[in-house]
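Enquirer: Just need the structure, nothing else, for what follows:
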Amino acid sequence: MARTTGPKCRLCRREGTKLYLKGAKCESDKCTVQKRPQAPGQHGTSRRALSEYGKQLREKQKAKRIYGILERQFAKYVNEALRTKGVTGDVLIQKLESRLDNLVYRSGFAVSRNQARKLIRTGYLLVNDKPVDIPSYHLRIGDVIKPVSFDKIHLREGFVLPDWLEANIKEKCVKYAKAPSKEDYQEKVDVASIIEFYSR
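Expert: Below is the predicted model of the structure:
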């Protein structure tokens, strides 16, 4: 499977903001974006004013990197959102947020989406009591996520469970209770610019 390799902090510096790709490091004083806010590369110190196209491109790249998705799959999500009835931006958010790796991260079972993908690939997560090893698996409302064992799970400290997820302390699982709305969206991404980029 194709994947992005290389330093993850470099991606945050490229976008000029924290993408929270390194888990606890992004919350600490060791965050590279705080130490070196300029873009990577020889000419990173000079940030030129972006055109409208450039702004849309950066928002698209930011969203792809946050969710760890490559271009072909991300474009597929956008095209599906454009064909689906309803507000296109809201539909796109729901498609991205309902991925299994994202829900494992939102549930606090992993410190980053990258770690969530590793846990899923190695079979540490169950969906409706059935093993699923596909990070891009699309969950539906009512589905339940549960770790096979908490030996390999390190709960994220200080995280807040979104309103659209429900935790069952007794069963030690998380339920996908309702579809997230635009108000529930936590990422600093301009979804409208992404839709405009693909609608050209």
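
Enquirer: Can you give me the separation between the residue nearest to the spatial centre of the chain and residue 58?
Expert: The centroid of the chain falls nearest to residue 67 when counting by C-alpha atoms, centre = their mean (3.1 Å). Residue 67 sits 15 Å away from residue 58, going by C-beta to C-beta, to the nearest Å. For glycine as for every other residue, the C-beta is placed from the backbone atoms N, C-alpha and C.

Enquirer: on that earlier part again, not counting its neighbours along the chain, what's nearest the residue nearest to the centre of the chain?
Expert: Excluding its sequence neighbours, the residue lying closest to residue 67 (C-beta to C-beta, 6 or more residues apart in numbering) is residue 96, at 5.5 Å.

Enquirer: Assess the claim that that neighbour and residue 73 are in contact.
Expert: No: if you go by C-beta atoms under 8 Å, residue 96 and residue 73 don't touch, sitting 10.5 Å apart.

Enquirer: just to revisit the earlier point, who touches the residue nearest to the centre of the chain in this structure?
Expert: For residue 67, the contacting residues are 74, 96, 99, 102, 113, by C-beta atoms under 8 Å, 6 or more residues apart in numbering.

Enquirer: do that again at 10 Å, thanks
Expert: Contact analysis of residue 67 by C-beta atoms under 10 Å, 6 or more residues apart in numbering lists 19, 73-74, 77, 96-97, 99, 101-102, 105, 113, 136, 187, 189.

Enquirer: Give me the phi and psi for it.
Expert: Dihedral pair for residue 67: phi -90, psi 0, per degrees, to the nearest 10.
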